[in-house]
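Asks: sequence and predicted structure are below.
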Amino acid sequence: MGVKRWIEAWPVYRQLTGTDPLGRGKAPQSKRSAGLGSRTESADRVVNSVCPYCAVGCAQRVYVKDEKVIQIEGNSDSPISRGRLCPKGSASKQLVTGPHREQRVLYRPSYGTAWQELDLDTAMDMVTDRVLDARRRGWQDTDEQGRKLRRTMGLASLGGATLDNEENYLIKKLFTAMGALQIENQARI
């Protein structure tokens, strides 16, 4: 490539000698960058979602191609976040697609030194058995004077900051139905 052709191919030269002196059009583009497209152009569909990290509820647009997440961005239609995401929210694609994300249930028994893989049904049955056992062992039907209590002291709930109002409502209903008294949310503490 001669010096003259190299200079003419230089974006600054095209910008200063052409019709785009401020470099807001095609002048500063290289051949490579002119051929590039947005990561979201190839998406099959866009799904509206909410960032999972905190209780603010920033809206997200999740771009999906071939049933795989290819990009997650802030949703500019949201009155809460107006298209902005914090650093954790901006990295939420990694939460979904990262290579270190576990896709299976792992269990380490008491005094065990290694994790064991379990199928989901077995793990759910183990959780259910333990919740029911804790409820039963902590159950108080009546107090010392014979007054009906119908409660358990074997269960409690402390909701985290990542839970929204609807999730906290459902947790409150579930634990109240099981007879638990200590039901708190981190936002109240």
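Replies: The structure has been received and is ready for your questions.

Asks: give the contact list for Gln182.
Replies: Gln182 is in contact with 155-157, counting by C-beta atoms under 8 Å, 6 or more residues apart in numbering. Every residue, glycine included, has its C-beta placed from N, CA and C.

Asks: ok, 10 Å please
Replies: Going by C-beta atoms under 10 Å, 6 or more residues apart in numbering, Gln182 touches 152-153, 155-158, 175.

Asks: of the residues you listed, buried ones?
Replies: 152-153, 155, 157, 175 (16 or more other C-beta atoms under 10 Å).

Asks: low-confidence ranges, this protein, go.
Replies: 1-3, 6-9, 161, 187-189 (pLDDT under 70).

Asks: all helices of it, in order?
Replies: Listed in chain order, the helices of the chain (DSSP state H) span 3-9, 11-17, 31-34, 87-90, 92-97, 120-137, 165-177.

Asks: need those helices in a markdown table with distance to Gly23, can you?
Replies: Compiled in a markdown table, the helices of the chain are given as follows (distance: least, C-beta to C-beta, whole Å):
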| stretch | distance to Gly23 |
| --- | --- |
| helix 3-9 | 15 |
| helix 11-17 | 5 |
| helix 31-34 | 13 |
| helix 87-90 | 28 |
| helix 92-97 | 31 |
| helix 120-137 | 55 |
| helix 165-177 | 48 |
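
Asks: of those, which is nearest Ser49?
Replies: helix 92-97 (8.9 Å; C-beta to C-beta).

Asks: which single one of the buried ones among the contacts of Gln182 is nearest to Ser49?
Replies: Of all the buried ones among the contacts of Gln182, Ser157 has the smallest distance to Ser49: 25.3 Å, by C-beta to C-beta.

Asks: show me the contacts for the closest one.
Replies: Counting by C-beta under 10 Å, 6+ apart, Ser157 makes contact with 168, 171-172, 174-176, 178, 180, 182-185.

Asks: pairing-wise in the sheet, spell out the partners of it.
Replies: According to DSSP bridges, the residues that bridge with Ser157 are Ile183.

Asks: same thing with Gln71?
Replies: Beta-bridge partners of Gln71, counted by DSSP bridges, are Tyr63.

Asks: skip the chain neighbours and tell me the closest residue to Arg39.
Replies: Distances taken as C-beta to C-beta, 6 or more residues apart in numbering place Gln71 nearest to Arg39, at 4.8 Å, with adjacent residues excluded.
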